[in-house]
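Enquirer: Take this sequence and fold it.
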Amino acid sequence: MRFEVVGVLLSVALVSACGKDEPPANTGQPPPQQCGPGQFFNGQTCQGQAALAPSASTSPAPAPTQTTGAPAPFPFATASTGPSAVPADGAMTQTATQLLIPLGQSHAPSGAKAVGSPLVGQFQQGQTLEAQVMMNPGKCYTIVGIGMPPIQNVDLQVLPTIGIPGLPAPVLATDQTTGPNAVIGDKPTCFKWAFPMAAVVKVVLTVSSGQGVAAAQVFEK
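Expert: All right, here's what the predicted structure looks like:
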């Protein structure tokens with residue numbers, strides 16, 4: 001009888017133990033936070049989904065625009081010629097030649113010779129005259145110009161005869177003088193034609209200040 005009572009008590013105890021849920025394991029961490037619809041848990045609090053969008057204050061600033069000056073249209077000097085002067089007659093040319101020969105001898109290297117005819121004309125201020133001259137490889141050139149009173153300043157330029165359509169002609173040489181006399185290739189140096197072949201160039205005489213008779217001559221050595 002005692003054994004039957006003990007058996008009944010053990011059966012009741014087992015049934016009671018099996019009918020109960022086991023408690024959750026204790027891991028030492030707090031249970032996960034349950035958030036409402038449209039929210040998420042960021043580890044500390046519940047936040048709405050709008051918090052995921054970057055704010056305007058934290059957006060990266062646009063890269064600064066670098067402003068640079070516009071490049072020069074041409075890396076060389078270009079010609080700018082005015083209206084043509086009136087070519088001189090024979091008597092005026094003879095008078096100008098008498099002045100140009102000693103002027104050339106004083107500025108050209110020793111032994112230089114006049115090339116072609118002098119360029120002579122009756123000028124108003126800003127007017128130009130031009131002549132074509134053949135320049136040869138290895139040769140040395142001096143160009144002199146003179147303006148009769150009341151001319152105050154004359155200018156000389158050497159330009160190519162063939163240019164690029166739509167572009168101004170580059171200046172191959174120009175005088176660095178101021179006054180009624182102008183010189184390109186003053187001694188002891190000169191304007192040396194460095195190209196490997198001969199070429200025809202333009203010599204342009206301009207009266208930039210004053211008016212009257214002006215002339216120019218090319219010398220070669």
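
Enquirer: which stretches of the chain form helices?
Expert: 2-18, 90-107 (DSSP state H).

Enquirer: Go through these and find the least confident stretch.
Expert: Lowest mean pLDDT within those: helix 2-18, a mean of 43.

Enquirer: Where does pLDDT dip in this structure?
Expert: Residues of the chain that meet the criterion pLDDT under 70 lie in 1-34, 36-45, 47-81.

Enquirer: Strands of that one, residue ranges please.
Expert: In the chain, the strands defined using DSSP state E lie at 39-41, 46-48, 86-87, 113-123, 128-135, 140-147, 153-160, 173-174, 181-184, 191-192, 199-209, 212-220.

Enquirer: Counting neighbours, which bits of the fifth one end up buried?
Expert: If I follow you right, that is strand 128-135. Thr128, Leu129, Glu130, Ala131, Val133, Met135 (16 or more other C-beta atoms under 10 Å). C-beta here means a position set from N, CA and C on the backbone, and glycine is covered the same way.

Enquirer: Give me the contact list for it.
Expert: Outside strand 128-135, the residues that touch it by C-beta atoms under 8 Å, 6 or more residues apart in numbering are 81-85, 87, 115-117, 119-121, 123, 141, 159, 161, 193, 198-207, 214, 216, 218, 220.

Enquirer: The nearest residue to Asn153 once chain neighbours are set aside: neighbour count?
Expert: Distance criterion C-beta to C-beta, 6 or more residues apart in numbering; nearest residue to Asn153, sequence neighbours excluded, is Ser209 at 3.9 Å. The tally of other residues near Ser209 (other C-beta atoms under 10 Å) stands at 17.

Enquirer: isn't Ser209 right next to Gln152, touching?
Expert: Yes - in this structure, Ser209 is within contact of Gln152 by C-beta atoms under 8 Å, at 4.1 Å.

Enquirer: tell me the contacts of the closest residue to Ile143 other than its chain neighbours?
Expert: In space, and not counting its chain neighbours, Ile143 is closest to Ile184: 4.3 Å by C-beta to C-beta, 6+ apart. Ile184 makes contact with Tyr141, Thr142, Ile143, Leu156, Val158, Ala173, Thr174, Asp175, Phe191 under the criterion C-beta under 8 Å, 6+ apart.

Enquirer: and the gap between the first one and Val201?
Expert: Look at Tyr141 and Val201: by C-beta to C-beta, to the nearest Å, they are 9 Å apart.

Enquirer: Could you tell me how far the residue nearest to Asn153 is located from Val86?
Expert: From Ser209 across to Val86, the span is 18 Å (C-beta to C-beta).

Enquirer: Ok, Pro168 next?
Expert: Counting by C-beta to C-beta, the gap from Pro168 to Val86 is 25 Å.

Enquirer: ditto for Gln98
Expert: From Gln98 across to Val86, the span is 20 Å (C-beta to C-beta).

Enquirer: When those two are compared, which one has more neighbours?
Expert: Val86 (12 against 9).

Enquirer: pretty sure the more buried one contacts Met92?
Expert: No - Val86 is beyond contact range of Met92, at 10.2 Å (criterion: C-beta under 8 Å).

Enquirer: Just the buried positions in stretch 167-185, please.
Expert: Using 16+ other C-beta under 10 Å as the test for burial, stretch 167-185 gives 168-169, 171-175, 177, 180-185.

Enquirer: swap in stretch 133-152?
Expert: 133, 135, 139-148, 151-152.

Enquirer: CA atoms of stretch 86-99 as PDB?
Expert: The C-alpha trace of stretch 86-99 is given here as PDB (Å, rounded to 0.1, in the frame of the first residue of the first chain):
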ATOM      1  CA  VAL A  86      49.500 107.400-101.700                       C
ATOM      2  CA  PRO A  87      52.700 106.000-103.300                       C
ATOM      3  CA  ALA A  88      55.300 108.700-104.100                       C
ATOM      4  CA  ASP A  89      56.400 109.800-107.600                       C
ATOM      5  CA  GLY A  90      59.900 109.500-109.000                       C
ATOM      6  CA  ALA A  91      61.300 112.800-107.700                       C
ATOM      7  CA  MET A  92      60.100 112.100-104.200                       C
ATOM      8  CA  THR A  93      61.600 108.600-104.300                       C
ATOM      9  CA  GLN A  94      65.000 109.900-105.400                       C
ATOM     10  CA  THR A  95      65.000 112.400-102.500                       C
ATOM     11  CA  ALA A  96      64.000 109.600-100.000                       C
ATOM     12  CA  THR A  97      66.800 107.300-101.400                       C
ATOM     13  CA  GLN A  98      69.400 110.000-100.700                       C
ATOM     14  CA  LEU A  99      68.300 109.900 -97.000                       C
END
